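**Student:** need a structure here:
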Amino acid sequence: MPRSAMGKYYLSTSVKLVVTAVLTLIPTLASSQTTSEKATENHEPGIPVTNQLVIAKCGKCHLQDAKGNLSRISWIRTTPEGWEEAIKRMVRLNSLVLEPDEARQILRYLSDSHGIAPSEAMPVENYAEHRMVDETFPGDPDVRHACGACHAIARPLSWHRTPEDWKLLVNMHNAFFPSAAPTSFVRENRRRDAAAEPAEHSQDTRTPLDKALEYIEKSAPLHTTAWSEWQAGMSAPKLAGRWLVRGEEPGKGKFFGVMTIAPGASAGQFTTKTTLNFVDGSSQVLTEEGSSIVYTGFQWRGRSTAQQTGASPSDQKTAREVMLVSNDQSQMEGRWFWGVYSEFGSDVNLRRANEGPTVLGTNISSLHAGSSGGHVTIYGDHLPQEIDASAIDFGAGVKVTNVLSKSPDAITVSVDVADDATPGMRTITLGEAATPNAFAVYKSVDFIKVTPTESLAHLGSETHPKGYVQFEAVGYSFGPDGKPDTADDINLGPMPASWKLEEFYATYGDDDTQYVGTIDAKSGLFSPASDGPSPPRKSMRNNYGDVWAVATVKPEGSTAPISGKSYLVVTVPQYLIYDQPEVGQ
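**Tutor:** Okay, the predicted model is just below:
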């Protein structure tokens, strides 16, 4: 085709695409108008807006009624991350002008007055914690496809709306993301083997969108008993004081420490100083300082900076802290994470320190039945110093034979485990203090799981930072049923492993292992390659691909090694990253 003719062809095609898009959008806009009118007539009681700054800044577009409701805003509840996303969208698309301090004030007010209750936050907290999880809800594959094809199901479930407002959200998707309708909302996500699909799914002729709306309207309504009860009793959290920290970081293991929390400039704001001791034998001590805001009386959003960090990409520098405060304000639990893609992080649990002895945990995750002379360190606070072996109980079949050393925050003992000790999780009792599920007793390592079971890494360069993956090999024993991957499996904790990459054969002549990157043979840290293009590769393709991350463990007392693997996808950089870090400042 001559170049001039080719240009006409592309121009003609572009015009057709634009016309098609406009024609497609017309019924959507008409539907939006109809739905808007209907929504105005049929709204449930709204949540009045009383903050004058919100009224002044948002009321120019969101009209106020006689009851003090602002259109749309008064019929929505969500997390701090959700409200920040909405505020940023108003700035980008609707010319909202805010000073940084004004944005923070509006975010605090909306999160507190139009937020979610603790019981509503817990099922979707993985989204705020930036966890990469395999969501299993809802059960209907069409419902999962309608929302989960583009983002986590936890994202829409983090919002609570009226049925009318959920329909307005659909209209927004149709206008902003036209491909959502044909690929997710209307197209049925039927399995190839129709006979294998449950009858209740195959007989339901509704579109995925209709099913999803029914599910989400029931799962995340605007008005709930949980929210009304929480809002009635909500007060500014009183968290100042000394807190005991326990946690675990993949690749580095367990740590214990202390966080000192002090009041900040206003109610709900705090400053922190934290010291963490890793118990993997490296004697690493991490000291950090930070600040935080607690939204809605229970949602901790903080940021901390480590005083000293190493050279590894997994070493913590500045971490974001996402935790939920318990209703009695005695504990906090969540994830601290860092990295360009939030790929590194630690699961943490904090409890308020008291004057009595507290047992936090041990340096080990499991003990082998029939072993003797093992050294176990118990970590805690105000541990009794006048104590002998007879006062320390590890459960039936595990005998503490000697106290080797002791301090107020750590006691090291020698233990023997009987050959016939019953496998399972054990509670440690030390005087008046105890902690459940402190470690496991096992007779054999029956299988291992490589975590994460599925993962995503990003190629990178100086221009676009890389996204790493830290793998771990976790050992398991069969429970009483003698089967793997069942509820009674006994988790034995991370185990030393040797690591390698294997080809995931997807095409003829697959060569991904040569280009995607490398995995550290001892630590299990995967480091992606450059984002290319790659001259040695056929057609100078990029270094993307999919491989297996394979771990091999040789358990104690076993002559045969055990292997496990995780599916790893290595893709191009995320050239545009949407994030909301300000909620933690």
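**Student:** so G532 is in which element?
**Tutor:** G532 is part of no helix or strand when elements are defined by DSSP states H and E.
**Student:** excluding chain neighbours, what is closest to it?
**Tutor:** Closest residue in space to G532, ignoring its immediate chain neighbours: N542 at 3.9 Å, by C-beta to C-beta, 6 or more residues apart in numbering. From N, CA and C alone the C-beta is placed, and that goes for glycine too.
**Student:** pLDDT at that neighbour, what is it?
**Tutor:** N542 carries a pLDDT score of 91 in this model.
**Student:** quick one: residues contacting the residue nearest to G253 when sequence neighbours are not counted.
**Tutor:** Nearest residue to G253, sequence neighbours excluded (C-beta to C-beta, 6+ apart): D280, at 4.1 Å. D280 is in contact with 252-254, counting by C-beta atoms under 8 Å, 6 or more residues apart in numbering.
**Student:** L222 versus the residue nearest to G532, what's the distance?
**Tutor:** N542 sits at a distance of 46 Å from L222 (criterion: C-beta to C-beta, to the nearest Å).
**Student:** try V474
**Tutor:** V474 sits 41 Å away from L222, going by C-beta to C-beta.
**Student:** out of those two, name the residue with the larger neighbour count.
**Tutor:** Comparing V474 with L222 by other C-beta atoms under 10 Å, the one with more neighbours is L222, at 24 against 20.
**Student:** and that one, what is it in contact with?
**Tutor:** L222 makes contacts with 44, 47, 75-77, 160-162, 165, as judged by C-beta under 8 Å, 6+ apart.
**Student:** just those residues now: which is nearest G493?
**Tutor:** Ranked by distance to G493 (C-beta to C-beta), those are led by H160 at 37.9 Å.
**Student:** outline the domain layout of this protein.
**Tutor:** Annotated domains of the chain cover 1-36, 241-352, 358-442, 447-571 [automatic domain parsing].
**Student:** helices of the stretch 151-300 of the chain, start to end?
**Tutor:** For the stretch 151-300 of the chain, the helices defined by DSSP state H, counting those that start in this stretch cover 154-157, 163-176, 180, 199-202, 208-219, 225-233.
**Student:** where does the stretch 251-400 of the chain dip in pLDDT?
**Tutor:** Of all residues in the stretch 251-400 of the chain, those with pLDDT under 70 make up the ranges 281-283.
**Student:** now the strands for it?
**Tutor:** 253-263, 269-278, 285-295, 299-306, 318-325, 331-338, 344-352, 358-362, 366-368, 374-381, 392-393, 398-407 (DSSP state E, counting those that start in this stretch).
**Student:** who wins for proximity to F504 among the ones you listed?
**Tutor:** Nearest of these (C-beta to C-beta): strand 344-352, 24.0 Å.
**Student:** and the closest one, what does it pack onto?
**Tutor:** Judged by 3 or more C-beta pairs under 8 Å, 6 or more residues apart in numbering; DSSP states H and E, strand 344-352 is in contact with strand 241-249, strand 318-325, strand 331-338.
**Student:** give me the three-state assignment for the residue nearest the centre of the chain.
**Tutor:** Ranked by distance to the mean C-alpha position of the chain (C-alpha atoms, centre = their mean), the top residue is R131 at 2.3 Å. The three-state assignment at R131 reads coil, by DSSP: H, G, I helix; E, B strand; the rest coil.
**Student:** burial of the closest residue to D393 other than its chain neighbours, as a residue count?
**Tutor:** Nearest non-adjacent residue to D393, counting by C-beta to C-beta, 6+ apart: T429, 4.2 Å away. When counting by other C-beta under 10 Å, one arrives at 17 neighbours for T429.
**Student:** buried ones in the helix or strand harbouring T429, by neighbour count?
**Tutor:** T429 belongs to strand 424-430 when assigned by DSSP H and E. For strand 424-430, the neighbour count (16 or more other C-beta atoms under 10 Å) marks 426, 428-430 as buried.
**Student:** again, but for stretch 510-528
**Tutor:** Within stretch 510-528, the residues scored as buried using 16+ other C-beta under 10 Å are 512-513, 515-517, 519, 523-528.
**Student:** give me the contacts around it.
**Tutor:** With C-beta under 8 Å, 6+ apart as the test, stretch 510-528 has contacts from 251, 312-314, 455, 457-460, 466-473, 497-504, 529, 534, 536-537, 543-547, 549, 551, 568, 570.
**Student:** which of those are buried? Put it as a ChimeraX command.
**Tutor:** A single ChimeraX command selects the buried members of the contacts of stretch 510-528 (16+ other C-beta under 10 Å):
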select :251,313,314,455,457,458,459,460,466,467,468,469,470,471,472,473,497,499,500,501,504,529,534,537,543,544,545,546,547,549,551,568,570
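**Student:** so which of the contacts of stretch 510-528 sit within strands?
**Tutor:** 455, 457-458, 469-470, 472-473, 498-503, 545-547, 549, 551, 568, 570 (DSSP state E).
**Student:** in a markdown table: the domains of the chain, plus distance to L213.
**Tutor:** Below are the domains of the chain laid out as a markdown table (distance: least, C-beta to C-beta, whole Å):
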| stretch | distance to L213 |
| --- | --- |
| domain 1-36 | 12 |
| domain 241-352 | 26 |
| domain 358-442 | 41 |
| domain 447-571 | 29 |
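**Student:** closest to D142 out of those?
**Tutor:** domain 1-36 (21.1 Å).
**Student:** where in the chain is pLDDT low?
**Tutor:** Along the chain, the parts satisfying pLDDT under 70 run over 1-43, 187-202, 281-283, 578-585.
**Student:** how close does Q284 get to M323?
**Tutor:** Going from Q284 to M323 by C-beta to C-beta gives 22 Å.
**Student:** buried sites along stretch 326-345?
**Tutor:** The neighbour-count check on stretch 326-345 (16+ other C-beta under 10 Å) flags 331-345 as buried.
**Student:** surely S326 and N349 touch.
**Tutor:** No: counting by C-beta atoms under 8 Å, S326 sits too far from N349 to count as a contact (10.4 Å).
**Student:** hey, what's in contact with both of the two?
**Tutor:** Counting by C-beta under 8 Å, 6+ apart, the shared contacts of S326 and N349 are 332-333.
**Student:** before we move on, back to that, tell me the helix or strand right after the strand holding T429.
**Tutor:** As assigned by DSSP H and E, the chain's next helix or strand after strand 424-430 is strand 433-442.
**Student:** what angle do whatever helix or strand comes next after that following strand and strand 498-503 make?
**Tutor:** Using DSSP H and E, the helix or strand that directly follows strand 433-442 along the chain is strand 447-451. Relative orientation of strand 447-451 versus strand 498-503 (axes from the mean of the first three to the mean of the last three C-alpha atoms, to 10 degrees): 70 degrees.
**Student:** now do strand 447-451: which elements does it pack against?
**Tutor:** Contact partners of strand 447-451 among helices and strands, from 3+ C-beta pairs under 8 Å, 6+ apart: strand 472-477, strand 545-553, strand 562-571.
**Student:** which one of the ones you listed lies nearest to A86?
**Tutor:** Closest of the helices and strands packed on strand 447-451 to A86 is strand 562-571, at 28.8 Å (criterion: C-beta to C-beta).
**Student:** most neighbours out of the contacts of L222, which is it?
**Tutor:** Of those, with other C-beta under 10 Å as the count, R77 tops at 28 neighbours.
**Student:** ok, what's across the strand from that residue?
**Tutor:** Listed by DSSP bridges, the beta-bridge partners for R77 are H160.
**Student:** wait, it touches W227, no?
**Tutor:** Yes: the pair R77 and W227 passes the contact test of C-beta under 8 Å, sitting 6.7 Å apart.
**Student:** mutual contacts of these two, please.
**Tutor:** Overlap between the contact sets of R77 and W227, as judged by C-beta under 8 Å, 6+ apart, is given by 116, 160.
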